[in-house]
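>>> kindly return the folded structure for what I paste below:
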Amino acid sequence: MQDTPPQVPARHQAWSEYWASGTLHSCATSYDGNYAGAIGTFWTGALGRLPRGSGVLDLATGNGAIPALLWRLHGAAVQVDAVDLAALAPRWLAPEHQASIRFHAGVDIEALPFGDASFACVTSQFGFEYAGRATALAEAVRVAGTDGWIHLVMHHHRSRLVEVGREELRHHQWLCSEDGLLAAARAVVPVLAAVRGGCAPDAVALQTRERYNRALARIADEAAASPAPDLLLEAREAVHGLVAAVGPDPCPVLDQLDRLAGEWARARLRSAEMVECALDRAQLEALANALRQARPHWDVALAELAQAEGVLAWALSAGPSTPG
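So this is what the prediction gives:
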């Protein structure tokens with residue numbers, strides 16, 4: 001079983017800024033409802049019957065979709081520790097009323113700061129697979145002990161979510177290319193500013209405006225043909241809103257376009273990482289085999305979670321065998 005590449009500062013920054021937006025889960029803009037349906041059914045079945053007083057550790061928690069579900073299912077009857085390497089901003093959490101839920105930022109799931117057999121259950125949703133899997137699995141097994149449970153929902157290499165990620169990577173590449181929307185907008189902003197400052201447009205200015213209009217037209221065509229047009233449509237709205245608001249001084253809009261380019265770069269990193277870390281069947285089986293070797297008395301169950309939209313994820317559940 002191979003590990004994924006190690007954590008890097010760019011990844012930490014990209015995810016920290018994403019979670020700082022208050023977003024609850026990792027696919028918020030690309031796929032609506034990805035924590036309902038088949039995935040929600042899996043988690044309700046896995047976590048709905050936890051005994052009162054159980055301790056749960058949620059790995060790579062983001063802004064806490066699993067802790068939020070545990071609160072809805074059990075309230076304060078279950079103790080939850082949620083860890084992530086990135087900085088977190090769980091806006092739904094009210095610490096004065098939800099003291100049973102503790103978030104820990106800056107925690108690498110390959111080196112957990114908890115003792116052996118500290119938790120009755122270890123969970124992760126679209127997070128475990130981003131780490132070095134062999135090391136992270138050994139840590140999960142350690143803190144779960146011999147009698148604990150491990151439940152993981154992980155990206156499937158053929159899932160709808162990953163397909164959207166691949167499509168958005170293609171869109172990102174064009175948006176930020178030399179003939180893409182961003183370059184066309186940066187070129188047209190000084191032209192529009194000059195016109196609004198009183199200058200008559202010359203031939204070069206007209207060509208620049210035509211280049212920008214062609215980029216907008218291409219977005220319309222690409223969006224109409226794409227199975228996942230959200231990024232293109234959101235980019236068009238954001239960029240054209242800035243361009244339309246330009247005044248005689250182009251600098252404020254150019255600065256905002258630069259900030260938008262930075263946001264796109266970080267979104268591109270997140271999408272690329274999701275696609276890279278999505279598991280195929282052989283990688284999933286390698287995880288299962290490693291669990292069986294570490295805990296021979298455990299049952300390990302694998303499932304493909306799917307619904308009308310298609311395959312969503314892999315699910316893995318492991319824990320002590322039931323007698324009989």
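>>> burial measure for residue 289, as a count.
Number of residues near residue 289 (other CB atoms under 10 Å) recorded here: 12. Any C-beta I mention is one placed from the backbone N, CA and C, and that applies to glycine too.
>>> in three-state terms, label it for me.
Classification of residue 289 by DSSP: H, G, I helix; E, B strand; the rest coil places it in helix.
>>> what's the distance between it and residue 320?
Distance of residue 289 to residue 320, given as CB to CB, to the nearest Å: 18 Å.
>>> doesn't residue 124 fall inside a strand?
Yes: Residue 124 sits within a strand when classified using three-state DSSP.
>>> surely it and residue 139 touch.
No: the pair formed by residue 124 and residue 139 falls short of the contact definition of CB atoms under 8 Å, at 11.3 Å.
>>> shared neighbours of those two, anything?
When contacts are counted by CB atoms under 8 Å, 6 or more residues apart in numbering, the set common to residue 124 and residue 139 consists of residue 109.
>>> ok, the two, which is more surrounded?
Counted by other CB under 10 Å, residue 124 and residue 139 do not tie: residue 124 has more neighbours, with 25 against 21.
>>> excluding sequence neighbours, find me the nearest residue to that one.
In space, not counting the residues next to it along the chain, residue 124 is nearest to residue 59; the distance is 4.0 Å by CB to CB, 6 or more residues apart in numbering.
>>> from residue 116, how far out is the nearest residue to residue 292 once chain neighbours are set aside?
The spatial neighbour of residue 292 that comes closest, neighbours along the chain excluded (CB to CB, 6+ apart), is residue 300 at 5.8 Å. As judged by CB to CB, residue 300 and residue 116 stand 20 Å apart.
>>> the two: which is more packed in?
With neighbours defined as other CB under 10 Å, residue 300 and residue 116 compare such that residue 300 has more, 18 against 10.
>>> name every strand pairing with whichever strand or helix holds that one and say which way it goes.
Element membership for residue 300 (DSSP states H and E) is strand 298-307. Within its sheet, and counting by DSSP bridges, strand 298-307 is paired with strand 310-320 (antiparallel).
>>> ok, back up a step: wait, doesn't the residue nearest to residue 124 sit right on residue 122?
Yes: with contact defined as CB under 8 Å, residue 59 reaches residue 122; the gap is 6.6 Å.
>>> need the overlap of contacts for those two.
Counting by CB under 8 Å, 6+ apart, the contacts common to residue 59 and residue 122 are residue 140.
>>> which of the two has more neighbours?
The residue with more neighbours, out of residue 59 and residue 122 and counting by other CB under 10 Å, is residue 122; that gives 29 against 26.
>>> check contacts around that one.
Taking CB under 8 Å, 6+ apart as the test, what residue 122 contacts is 56, 57, 58, 59, 140, 143, 144, 148, 149, 150, 151.
>>> can you check which helix is longest in this protein?
Among the elements of the chain assigned as helix by DSSP state H, the one spanning the most residues is helix 251-277.
>>> check what pLDDT the residue of the chain positioned farthest from its centre gets.
Here the chain reaches farthest from its C-alpha mean at residue 200, the gap being 47.0 Å by CA atoms, centre = their mean. Per-residue pLDDT puts residue 200 at 87.
>>> how close does the closest residue to residue 160 other than its chain neighbours sit to residue 271?
With CB to CB, 6+ apart as the measure, residue 310 is the residue that lies nearest to residue 160, at 4.4 Å, once sequence neighbours are left out. As for residue 310, its distance to residue 271 is 18 Å (criterion: CB to CB).
>>> comparing the two, which residue is more hemmed in?
Using other CB under 10 Å, the more surrounded residue of residue 310 and residue 271 is residue 271, with 22 against 12.
>>> buried ones in stretch 284-292?
Within stretch 284-292, the residues that qualify as buried by neighbour count (16 or more other CB atoms under 10 Å) are 284, 286, 287, 288, 290, 291.
>>> any chance of those in JSON lines, with pLDDT and distance to residue 231 too?
Putting those into JSON lines (pLDDT from 0 to 100; distance: CB to CB, whole Å) gives the following:
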{"residue": "284", "pLDDT": "97", "distance to residue 231": "28"}
{"residue": "286", "pLDDT": "97", "distance to residue 231": "33"}
{"residue": "287", "pLDDT": "97", "distance to residue 231": "31"}
{"residue": "288", "pLDDT": "97", "distance to residue 231": "34"}
{"residue": "290", "pLDDT": "97", "distance to residue 231": "36"}
{"residue": "291", "pLDDT": "96", "distance to residue 231": "37"}
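>>> okay, and residue 158 sits in which element?
Assigned by DSSP H and E, residue 158 belongs to no helix or strand.
>>> my guess is it contacts residue 314, does it?
No: with contacts counted by CB under 8 Å, residue 158 stays clear of residue 314, the gap being 10.2 Å.
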